[in-house]
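Engineer: what's the 3D shape of this:
(one chain, ligands or ions: 1)
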Amino acid sequence: MEVNIDLAKCTGCGACVPACPFGLLEVVDDKVQLKEGCTLCGACVDACAFEALSLPAVMETGAAADDSRGVWVFAEQRRGVLKNVAYELLSRGRELADTLGTGLSAVCLGHEVRDVASLIAYGADKVYLVDSPDLADNQEDFLTHKMVAMVRELKPEIVIAGATALGRSFIPRVAAILNTGLTADCTGLDIDTGKRLLLQTRPTFGGNIMATIICPNKRPQMATVRPRVFKKAAPDAGRRGEIVKLDFRKEGVIARVKLLDSVDEVTETVKLEDADIIVSGGRGLGKAENFKLLAELADVLGAALGSSRAAVDEGWIPYSHQVGQTGKTVCPRLYIACGISGAIQHLAGMQTSDIIVAINDDPNAPIFQVATYGIVGDLFKVVPRLIEKLKNG
Ligand SMILES: Cc1cc2nc3c(=O)[nH]c(=O)nc-3n(C[C@H](O)[C@H](O)[C@H](O)COP(=O)(O)OP(=O)(O)OC[C@H]3O[C@@H](n4cnc5c(N)ncnc54)[C@H](O)[C@@H]3O)c2cc1C
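Structural biologist: This is a model prediction of the structure:
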(Lines give C-alpha, C1' and ligand atoms only; values in the text may rest on other atoms or scores of the structure.)
Protein backbone atom coordinates (compact mmCIF):
# COMPACT_ATOMS: atom_id res chain seq x y z
CA MET A 1 0.00 0.00 0.00
CA GLU A 2 1.21 3.52 -0.79
CA VAL A 3 -0.07 7.06 -0.97
CA ASN A 4 -2.64 7.70 -3.75
CA ILE A 5 -1.77 10.27 -6.45
CA ASP A 6 -4.55 11.94 -8.42
CA LEU A 7 -2.62 13.13 -11.47
CA ALA A 8 -5.57 15.20 -12.72
CA LYS A 9 -5.29 17.38 -9.60
CA CYS A 10 -1.46 17.47 -9.49
CA THR A 11 -0.10 20.82 -10.72
CA GLY A 12 3.52 19.72 -10.45
CA CYS A 13 4.18 22.48 -7.90
CA GLY A 14 6.63 20.20 -6.05
CA ALA A 15 5.55 21.24 -2.52
CA CYS A 16 5.29 17.58 -1.56
CA VAL A 17 8.85 16.73 -2.63
CA PRO A 18 10.73 18.17 0.39
CA ALA A 19 7.90 17.07 2.70
CA CYS A 20 8.67 13.36 2.18
CA PRO A 21 11.12 12.35 4.96
CA PHE A 22 12.36 9.51 2.78
CA GLY A 23 12.95 11.49 -0.44
CA LEU A 24 10.60 9.25 -2.43
CA LEU A 25 8.82 11.95 -4.44
CA GLU A 26 9.97 13.75 -7.57
CA VAL A 27 8.31 15.87 -10.22
CA VAL A 28 8.68 14.58 -13.78
CA ASP A 29 6.99 16.39 -16.67
CA ASP A 30 4.96 18.55 -14.27
CA LYS A 31 3.50 15.56 -12.42
CA VAL A 32 4.59 14.02 -9.15
CA GLN A 33 5.97 10.49 -9.14
CA LEU A 34 6.48 8.14 -6.19
CA LYS A 35 9.39 5.74 -5.78
CA GLU A 36 9.16 2.46 -3.86
CA GLY A 37 9.23 2.39 -0.06
CA CYS A 38 6.28 4.63 0.93
CA THR A 39 5.55 4.23 4.68
CA LEU A 40 2.24 6.07 4.42
CA CYS A 41 3.42 8.64 6.95
CA GLY A 42 1.11 11.21 5.33
CA ALA A 43 3.60 14.12 5.34
CA CYS A 44 3.15 14.69 1.60
CA VAL A 45 -0.66 14.67 1.94
CA ASP A 46 -0.46 17.53 4.44
CA ALA A 47 1.91 19.45 2.14
CA CYS A 48 -0.31 19.24 -0.98
CA ALA A 49 -2.57 22.27 -1.39
CA PHE A 50 -4.45 20.69 -4.31
CA GLU A 51 -5.61 17.46 -2.63
CA ALA A 52 -3.78 15.47 -5.28
CA LEU A 53 -2.31 13.17 -2.64
CA SER A 54 -4.36 11.06 -0.26
CA LEU A 55 -3.95 8.13 2.07
CA PRO A 56 -5.73 4.89 1.17
CA ALA A 57 -9.32 4.89 2.38
CA VAL A 58 -8.67 2.24 5.03
CA MET A 59 -6.29 4.67 6.70
CA GLU A 60 -8.41 7.78 6.34
CA THR A 61 -11.13 6.28 8.46
CA GLY A 62 -9.00 3.77 10.28
CA ALA A 63 -9.99 0.17 9.72
CA ALA A 64 -13.77 0.10 9.89
CA ALA A 65 -14.77 -0.28 13.51
CA ASP A 66 -17.03 -3.20 12.69
CA ASP A 67 -14.50 -5.54 11.15
CA SER A 68 -11.69 -5.02 13.68
CA ARG A 69 -11.66 -7.69 16.35
CA GLY A 70 -9.39 -8.89 19.11
CA VAL A 71 -7.22 -7.40 21.83
CA TRP A 72 -3.45 -7.35 21.32
CA VAL A 73 -0.75 -6.97 23.93
CA PHE A 74 2.77 -6.04 22.82
CA ALA A 75 4.93 -8.57 24.69
CA GLU A 76 8.14 -6.60 25.13
CA GLN A 77 11.40 -8.48 25.50
CA ARG A 78 14.97 -7.48 26.11
CA ARG A 79 17.83 -9.78 25.27
CA GLY A 80 15.39 -12.64 24.80
CA VAL A 81 13.71 -12.26 28.20
CA LEU A 82 10.06 -11.22 28.32
CA LYS A 83 9.35 -8.22 30.52
CA ASN A 84 6.99 -8.42 33.46
CA VAL A 85 4.82 -5.67 32.00
CA ALA A 86 3.80 -8.10 29.23
CA TYR A 87 2.28 -10.45 31.82
CA GLU A 88 0.61 -7.57 33.67
CA LEU A 89 -1.00 -6.32 30.45
CA LEU A 90 -2.08 -9.83 29.48
CA SER A 91 -3.83 -10.20 32.84
CA ARG A 92 -5.86 -7.01 32.27
CA GLY A 93 -6.11 -7.72 28.52
CA ARG A 94 -7.77 -11.06 29.32
CA GLU A 95 -10.51 -9.26 31.26
CA LEU A 96 -10.99 -6.71 28.47
CA ALA A 97 -11.17 -9.42 25.80
CA ASP A 98 -13.65 -11.46 27.86
CA THR A 99 -15.84 -8.41 28.34
CA LEU A 100 -15.81 -7.86 24.57
CA GLY A 101 -16.28 -11.57 23.84
CA THR A 102 -13.19 -11.60 21.67
CA GLY A 103 -9.70 -13.15 21.59
CA LEU A 104 -6.52 -12.00 23.30
CA SER A 105 -3.22 -12.14 21.42
CA ALA A 106 0.33 -11.41 22.48
CA VAL A 107 2.68 -9.97 19.87
CA CYS A 108 6.30 -10.90 20.47
CA LEU A 109 8.97 -9.44 18.19
CA GLY A 110 12.55 -10.49 18.91
CA HIS A 111 15.13 -13.20 18.46
CA GLU A 112 15.29 -16.48 20.38
CA VAL A 113 12.89 -15.17 23.02
CA ARG A 114 12.69 -17.59 25.91
CA ASP A 115 9.53 -19.05 27.44
CA VAL A 116 7.10 -17.68 24.84
CA ALA A 117 4.51 -20.27 25.92
CA SER A 118 4.27 -18.45 29.26
CA LEU A 119 2.31 -15.75 27.42
CA ILE A 120 -0.45 -18.30 26.93
CA ALA A 121 -0.30 -19.31 30.59
CA TYR A 122 -0.88 -15.65 31.46
CA GLY A 123 -3.99 -15.38 29.31
CA ALA A 124 -3.16 -15.12 25.59
CA ASP A 125 -5.23 -17.26 23.21
CA LYS A 126 -2.69 -16.69 20.48
CA VAL A 127 0.93 -15.57 20.33
CA TYR A 128 2.17 -13.91 17.14
CA LEU A 129 5.85 -14.70 17.27
CA VAL A 130 8.17 -12.91 14.88
CA ASP A 131 11.68 -14.30 15.30
CA SER A 132 14.58 -12.72 13.46
CA PRO A 133 18.17 -11.77 14.38
CA ASP A 134 17.31 -8.31 13.02
CA LEU A 135 14.75 -7.86 15.80
CA ALA A 136 17.06 -8.91 18.64
CA ASP A 137 17.97 -5.34 19.62
CA ASN A 138 14.48 -3.87 19.38
CA GLN A 139 15.46 -1.69 16.42
CA GLU A 140 12.46 0.63 16.44
CA ASP A 141 12.12 1.16 12.68
CA PHE A 142 11.95 -2.61 12.22
CA LEU A 143 9.47 -3.08 15.08
CA THR A 144 7.32 -0.25 13.74
CA HIS A 145 7.31 -1.62 10.21
CA LYS A 146 6.34 -5.13 11.30
CA MET A 147 3.73 -4.04 13.82
CA VAL A 148 2.07 -1.71 11.30
CA ALA A 149 1.97 -4.47 8.67
CA MET A 150 0.47 -6.94 11.15
CA VAL A 151 -2.20 -4.51 12.35
CA ARG A 152 -3.19 -3.72 8.78
CA GLU A 153 -3.49 -7.36 7.91
CA LEU A 154 -5.03 -8.80 11.08
CA LYS A 155 -7.06 -5.77 12.26
CA PRO A 156 -7.14 -5.91 16.05
CA GLU A 157 -9.58 -3.51 17.69
CA ILE A 158 -7.31 -2.76 20.66
CA VAL A 159 -3.51 -2.67 20.98
CA ILE A 160 -1.89 -2.10 24.39
CA ALA A 161 1.79 -1.86 25.29
CA GLY A 162 3.91 -1.02 28.31
CA ALA A 163 4.79 2.65 28.85
CA THR A 164 8.44 1.63 29.01
CA ALA A 165 11.26 3.46 27.26
CA LEU A 166 10.64 1.26 24.20
CA GLY A 167 6.85 1.40 24.36
CA ARG A 168 6.84 5.17 24.72
CA SER A 169 9.04 5.54 21.69
CA PHE A 170 7.88 2.94 19.19
CA ILE A 171 4.14 2.59 19.79
CA PRO A 172 3.41 6.28 18.98
CA ARG A 173 5.09 5.75 15.61
CA VAL A 174 2.78 2.81 14.95
CA ALA A 175 -0.27 4.88 15.93
CA ALA A 176 0.84 7.81 13.76
CA ILE A 177 1.37 5.66 10.68
CA LEU A 178 -1.96 3.92 11.23
CA ASN A 179 -3.55 7.34 11.68
CA THR A 180 -5.28 6.26 14.87
CA GLY A 181 -5.40 7.52 18.46
CA LEU A 182 -3.06 6.60 21.30
CA THR A 183 -3.44 7.37 24.99
CA ALA A 184 -0.08 7.26 26.73
CA ASP A 185 0.58 6.38 30.37
CA CYS A 186 -2.87 5.07 31.24
CA THR A 187 -3.59 4.16 34.84
CA GLY A 188 -6.85 2.36 34.05
CA LEU A 189 -8.42 0.52 31.11
CA ASP A 190 -12.03 -0.51 30.82
CA ILE A 191 -14.64 -1.29 28.19
CA ASP A 192 -17.86 0.43 27.12
CA THR A 193 -19.53 -2.78 26.01
CA GLY A 194 -22.38 -1.14 24.07
CA LYS A 195 -20.03 0.76 21.78
CA ARG A 196 -17.04 -1.63 22.01
CA LEU A 197 -14.92 1.30 23.14
CA LEU A 198 -11.75 1.15 25.19
CA LEU A 199 -12.05 3.56 28.13
CA GLN A 200 -8.55 4.84 28.67
CA THR A 201 -8.04 6.65 31.96
CA ARG A 202 -4.97 8.72 32.76
CA PRO A 203 -4.04 11.68 34.97
CA THR A 204 -4.07 15.04 33.25
CA PHE A 205 -3.75 18.75 34.02
CA GLY A 206 -0.69 18.12 36.17
CA GLY A 207 -2.30 15.12 37.79
CA ASN A 208 -5.20 17.15 39.15
CA ILE A 209 -7.93 15.27 37.29
CA MET A 210 -8.30 11.77 35.89
CA ALA A 211 -9.50 11.92 32.27
CA THR A 212 -11.15 9.00 30.49
CA ILE A 213 -10.29 9.12 26.82
CA ILE A 214 -11.97 7.24 23.95
CA CYS A 215 -11.07 6.69 20.32
CA PRO A 216 -14.48 6.27 18.66
CA ASN A 217 -13.69 6.65 14.96
CA LYS A 218 -10.42 4.86 14.31
CA ARG A 219 -9.10 1.38 14.83
CA PRO A 220 -7.16 0.03 16.54
CA GLN A 221 -7.64 1.83 19.83
CA MET A 222 -4.15 2.11 21.28
CA ALA A 223 -2.86 2.72 24.79
CA THR A 224 0.33 2.43 26.81
CA VAL A 225 0.28 1.55 30.51
CA ARG A 226 3.06 1.98 33.02
CA PRO A 227 4.65 -1.17 34.44
CA ARG A 228 3.07 -2.35 37.72
CA VAL A 229 -0.20 -0.48 37.21
CA PHE A 230 -1.94 -3.82 36.64
CA LYS A 231 -1.33 -6.92 38.66
CA LYS A 232 0.02 -10.07 37.10
CA ALA A 233 -2.57 -12.86 37.43
CA ALA A 234 -1.44 -16.31 38.53
CA PRO A 235 -0.26 -18.26 35.46
CA ASP A 236 -2.29 -21.28 34.38
CA ALA A 237 0.11 -23.84 32.93
CA GLY A 238 -2.86 -25.86 31.64
CA ARG A 239 -4.17 -23.11 29.32
CA ARG A 240 -4.12 -24.02 25.66
CA GLY A 241 -3.26 -21.52 22.96
CA GLU A 242 -1.66 -21.20 19.57
CA ILE A 243 1.76 -19.86 18.62
CA VAL A 244 1.64 -18.35 15.13
CA LYS A 245 5.08 -17.81 13.61
CA LEU A 246 5.48 -14.88 11.22
CA ASP A 247 8.57 -13.85 9.34
CA PHE A 248 10.37 -10.54 9.11
CA ARG A 249 12.46 -9.20 6.26
CA LYS A 250 14.33 -5.98 6.74
CA GLU A 251 14.86 -5.44 3.00
CA GLY A 252 13.00 -2.31 1.92
CA VAL A 253 12.65 -1.02 5.50
CA ILE A 254 14.45 2.26 6.00
CA ALA A 255 16.30 2.08 9.32
CA ARG A 256 17.14 5.59 10.45
CA VAL A 257 18.69 4.45 13.72
CA LYS A 258 21.76 2.26 14.06
CA LEU A 259 22.44 0.66 17.43
CA LEU A 260 26.15 0.93 18.19
CA ASP A 261 26.17 -0.44 21.72
CA SER A 262 23.91 -0.76 24.73
CA VAL A 263 25.09 -0.04 28.26
CA ASP A 264 23.18 -0.97 31.41
CA GLU A 265 22.57 1.89 33.79
CA VAL A 266 24.05 1.11 37.19
CA THR A 267 23.26 4.32 39.06
CA GLU A 268 20.07 2.93 40.53
CA THR A 269 20.69 1.79 44.08
CA VAL A 270 17.17 1.59 45.49
CA LYS A 271 15.29 -1.28 43.88
CA LEU A 272 11.90 -0.11 45.02
CA GLU A 273 10.11 -1.69 42.07
CA ASP A 274 11.26 -5.19 42.99
CA ALA A 275 10.74 -4.91 46.76
CA ASP A 276 8.23 -7.20 48.45
CA ILE A 277 7.87 -4.82 51.37
CA ILE A 278 8.16 -1.03 51.29
CA VAL A 279 8.22 1.32 54.27
CA SER A 280 7.43 4.81 53.02
CA GLY A 281 7.61 8.19 54.74
CA GLY A 282 6.02 11.56 54.07
CA ARG A 283 5.96 15.09 55.35
CA GLY A 284 4.65 13.77 58.65
CA LEU A 285 8.22 12.74 59.46
CA GLY A 286 9.05 16.39 60.04
CA LYS A 287 12.76 16.31 59.18
CA ALA A 288 15.45 14.34 57.37
CA GLU A 289 16.91 12.68 60.51
CA ASN A 290 13.56 11.05 61.25
CA PHE A 291 13.94 8.88 58.15
CA LYS A 292 16.46 6.93 60.31
CA LEU A 293 13.48 5.64 62.29
CA LEU A 294 11.84 4.38 59.09
CA ALA A 295 15.15 2.94 57.89
CA GLU A 296 15.27 0.94 61.14
CA LEU A 297 11.75 -0.41 60.56
CA ALA A 298 12.67 -1.20 56.95
CA ASP A 299 15.78 -3.00 58.17
CA VAL A 300 13.84 -5.20 60.59
CA LEU A 301 11.33 -6.10 57.87
CA GLY A 302 13.89 -6.52 55.07
CA ALA A 303 12.04 -3.73 53.25
CA ALA A 304 13.00 -0.98 50.82
CA LEU A 305 12.56 2.66 51.79
CA GLY A 306 10.08 4.81 49.86
CA SER A 307 8.77 8.32 50.25
CA SER A 308 6.20 10.84 49.13
CA ARG A 309 7.14 13.71 46.88
CA ALA A 310 6.75 16.15 49.76
CA ALA A 311 9.61 14.46 51.60
CA VAL A 312 11.73 14.53 48.44
CA ASP A 313 10.91 18.20 47.83
CA GLU A 314 11.95 18.98 51.42
CA GLY A 315 15.32 17.42 50.61
CA TRP A 316 14.94 14.73 53.30
CA ILE A 317 15.46 11.79 50.92
CA PRO A 318 16.67 11.44 47.28
CA TYR A 319 14.24 11.36 44.37
CA SER A 320 15.09 7.72 43.60
CA HIS A 321 12.90 6.80 46.62
CA GLN A 322 9.83 8.72 45.45
CA VAL A 323 6.65 6.73 44.91
CA GLY A 324 3.81 8.13 42.81
CA GLN A 325 2.79 9.61 39.55
CA THR A 326 6.08 11.42 39.01
CA GLY A 327 8.08 8.82 40.90
CA LYS A 328 8.03 5.04 40.84
CA THR A 329 5.02 2.79 40.47
CA VAL A 330 5.27 -0.04 42.98
CA CYS A 331 3.21 -3.09 43.79
CA PRO A 332 4.71 -4.80 46.85
CA ARG A 333 3.05 -7.40 49.05
CA LEU A 334 3.12 -4.90 51.92
CA TYR A 335 3.27 -1.08 51.77
CA ILE A 336 3.54 0.81 55.05
CA ALA A 337 2.77 4.52 54.64
CA CYS A 338 3.96 6.65 57.57
CA GLY A 339 2.91 10.29 57.78
CA ILE A 340 1.63 10.30 54.19
CA SER A 341 -1.75 11.95 53.55
CA GLY A 342 -2.64 9.90 50.45
CA ALA A 343 -2.81 12.51 47.70
CA ILE A 344 -4.06 11.12 44.37
CA GLN A 345 -0.59 11.48 42.84
CA HIS A 346 0.91 9.32 45.60
CA LEU A 347 -1.88 6.73 45.39
CA ALA A 348 -1.31 6.45 41.62
CA GLY A 349 2.04 4.84 42.39
CA MET A 350 1.12 2.39 45.18
CA GLN A 351 -2.57 1.65 45.43
CA THR A 352 -2.32 -1.76 43.80
CA SER A 353 -0.09 -3.01 46.66
CA ASP A 354 -1.46 -6.23 48.17
CA ILE A 355 -1.65 -4.93 51.74
CA ILE A 356 -1.46 -1.25 52.67
CA VAL A 357 -0.85 -0.20 56.26
CA ALA A 358 -1.32 3.51 56.94
CA ILE A 359 -0.03 5.27 60.05
CA ASN A 360 -1.37 8.80 60.31
CA ASP A 361 -2.57 11.01 63.17
CA ASP A 362 -5.40 12.46 61.09
CA PRO A 363 -8.35 10.02 61.02
CA ASN A 364 -9.68 11.77 57.89
CA ALA A 365 -6.48 11.40 55.85
CA PRO A 366 -7.37 10.03 52.36
CA ILE A 367 -4.72 7.31 52.72
CA PHE A 368 -7.16 5.45 55.01
CA GLN A 369 -9.55 5.03 52.05
CA VAL A 370 -7.09 2.69 50.33
CA ALA A 371 -5.54 1.20 53.48
CA THR A 372 -6.10 -2.44 54.40
CA TYR A 373 -5.15 -1.61 57.99
CA GLY A 374 -5.22 1.92 59.35
CA ILE A 375 -3.48 3.04 62.53
CA VAL A 376 -4.63 6.47 63.71
CA GLY A 377 -1.82 7.77 65.85
CA ASP A 378 1.50 9.55 66.13
CA LEU A 379 4.02 7.71 63.99
CA PHE A 380 6.78 8.56 66.46
CA LYS A 381 4.95 6.44 69.04
CA VAL A 382 3.62 3.73 66.69
CA VAL A 383 6.78 2.99 64.66
CA PRO A 384 9.14 2.44 67.66
CA ARG A 385 6.60 0.04 69.16
CA LEU A 386 6.33 -1.81 65.85
CA ILE A 387 10.13 -2.11 65.67
CA GLU A 388 10.29 -3.36 69.25
CA LYS A 389 7.53 -5.89 68.66
CA LEU A 390 9.11 -7.16 65.43
CA LYS A 391 12.53 -7.46 67.06
CA ASN A 392 11.38 -9.16 70.21
CA GLY A 393 8.46 -11.12 68.84
C1 LIG B 1 1.89 16.94 38.91
C2 LIG B 1 2.08 16.45 40.30
C3 LIG B 1 2.76 15.25 40.47
C4 LIG B 1 2.94 14.74 41.75
N5 LIG B 1 3.62 13.55 41.91
C6 LIG B 1 3.73 13.03 43.13
C7 LIG B 1 4.35 11.77 43.32
O8 LIG B 1 4.85 11.13 42.39
N9 LIG B 1 4.39 11.27 44.59
C10 LIG B 1 3.88 11.93 45.66
O11 LIG B 1 3.95 11.42 46.79
N12 LIG B 1 3.29 13.12 45.50
C13 LIG B 1 3.23 13.71 44.28
N14 LIG B 1 2.67 14.94 44.15
C15 LIG B 1 2.39 15.71 45.37
C16 LIG B 1 1.09 15.34 46.04
O17 LIG B 1 0.03 16.11 45.50
C18 LIG B 1 1.15 15.66 47.56
O19 LIG B 1 1.49 17.00 47.72
C20 LIG B 1 2.17 14.80 48.29
O21 LIG B 1 1.98 13.43 48.00
C22 LIG B 1 1.99 15.01 49.78
O23 LIG B 1 2.98 14.30 50.47
P24 LIG B 1 2.72 13.86 51.98
O25 LIG B 1 1.53 12.98 52.03
O26 LIG B 1 4.00 13.36 52.50
O27 LIG B 1 2.47 15.27 52.69
P28 LIG B 1 1.16 15.88 53.30
O29 LIG B 1 0.05 15.90 52.33
O30 LIG B 1 1.56 17.15 53.92
O31 LIG B 1 0.73 14.84 54.41
C32 LIG B 1 1.45 14.62 55.60
C33 LIG B 1 0.61 13.70 56.45
O34 LIG B 1 1.34 13.35 57.61
C35 LIG B 1 0.43 13.29 58.70
N36 LIG B 1 1.21 13.48 59.92
C37 LIG B 1 1.85 14.61 60.35
N38 LIG B 1 2.51 14.37 61.50
C39 LIG B 1 2.28 13.07 61.79
C40 LIG B 1 2.69 12.25 62.87
N41 LIG B 1 3.51 12.68 63.86
N42 LIG B 1 2.25 10.95 62.88
C43 LIG B 1 1.46 10.47 61.91
N44 LIG B 1 1.03 11.23 60.87
C45 LIG B 1 1.46 12.51 60.81
C46 LIG B 1 -0.57 14.39 58.43
O47 LIG B 1 -1.81 14.12 59.07
C48 LIG B 1 -0.71 14.31 56.91
O49 LIG B 1 -1.78 13.45 56.55
C50 LIG B 1 2.47 15.45 42.88
C51 LIG B 1 1.77 16.65 42.69
C52 LIG B 1 1.58 17.13 41.42
C53 LIG B 1 0.80 18.41 41.23
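Engineer: list the buried ones in the lengthiest helix in the chain?
Structural biologist: Using DSSP state H, we find that the single longest helix of the chain is helix 84-100. Buried residues in helix 84-100, counted by 16 or more other Cβ atoms under 10 Å: 84-97, 100. For glycine as for every other residue, the C-beta is placed from the backbone atoms N, C-alpha and C.
Engineer: ok, now stretch 32-48?
Structural biologist: Quick answer for stretch 32-48 (16+ other Cβ under 10 Å): 32, 34, 39, 40, 41, 42, 43, 44, 45, 47, 48.
Engineer: that's a helix at the first one, yeah?
Structural biologist: To tie it back to what came earlier, the one meant is residue 32. No. Looking at residue 32 with DSSP: H, G, I helix; E, B strand; the rest coil, it is strand, so not inside a helix.
Engineer: Quick check, pLDDT for it.
Structural biologist: With respect to pLDDT, residue 32 scores 95.
Engineer: so what's it up against?
Structural biologist: 5, 10, 12, 14, 16, 17, 25, 26, 52, 53 (Cβ atoms under 8 Å, 6 or more residues apart in numbering).
Engineer: repeat that for 10 Å
Structural biologist: 3, 5-7, 10-17, 20, 25-26, 44, 48, 52-53 (Cβ atoms under 10 Å, 6 or more residues apart in numbering).
Engineer: Now, the residues you listed that are in helices?
Structural biologist: Filtering the contacts of residue 32 for helices - DSSP H - leaves 16, 17, 44.
Engineer: For the last one, which non-adjacent residue is spatially closest?
Structural biologist: The shortest distance from residue 44 to any non-neighbouring residue, by Cβ to Cβ, 6 or more residues apart in numbering, is to residue 16 (4.0 Å).
Engineer: coming back round to it: C-terminal to the longest helix of the chain, what's the next element?
Structural biologist: strand 104-110 (DSSP states H and E).
Engineer: relative to helix 84-100, how tilted is that following strand?
Structural biologist: 150 degrees (axes from the mean of the first three to the mean of the last three Cα atoms, to 10 degrees).
Engineer: buried set for strand 104-110?
Structural biologist: Result for strand 104-110 [16+ other Cβ under 10 Å]: buried residues 104, 105, 106, 107, 108, 109, 110.
Engineer: Tell me which residue in the stretch 1-150 of the chain sits closest to the ligand.
Structural biologist: Across the stretch 1-150 of the chain, no residue is closer to the ligand than residue 85, which sits at 19.0 Å (Cβ to the nearest ligand atom).
Engineer: Run through the bridge partners of residue 130.
Structural biologist: residue 109, residue 246 (DSSP bridges).
Engineer: from memory residue 390 sits against residue 301, does it?
Structural biologist: Yes. Under the criterion of Cβ atoms under 10 Å, residue 390 makes contact with residue 301 at 6.8 Å.
Engineer: The two - which one has more neighbours?
Structural biologist: Per other Cβ atoms under 10 Å, whichever of residue 390 and residue 301 has more neighbours is residue 301, with 17 against 12.
Engineer: Quickly note the distance from the nearest residue to residue 50 once chain neighbours are set aside to residue 195.
Structural biologist: Using Cβ to Cβ, 6+ apart and skipping the chain neighbours, the partner closest in space to residue 50 is residue 9 (5.0 Å). Distance, residue 9 to residue 195, by Cβ to Cβ, to the nearest Å: 36 Å.
Engineer: give me the element residue 200 is part of.
Structural biologist: Using DSSP H and E, residue 200 falls in strand 197-204.
Engineer: does any part of that strand sit near the ligand?
Structural biologist: No. Strand 197-204 lies out of reach of the ligand by Cβ under 6 Å from any ligand atom, never closer than 7.7 Å.
Engineer: The closest residue to residue 241 other than its chain neighbours is in what secondary structure piece?
Structural biologist: Leaving aside its chain neighbours, residue 241 sits nearest to residue 120 (3.5 Å; criterion: Cβ to Cβ, 6+ apart). Using DSSP H and E, residue 120 sits in helix 118-121.
Engineer: per-residue confidence averaged over that helix?
Structural biologist: Rounded mean pLDDT across helix 118-121 is 98.
Engineer: which sections of the stretch 51-200 of the chain are below the confidence cut-off?
Structural biologist: Scanning the stretch 51-200 of the chain for pLDDT under 70 picks out 57-66.
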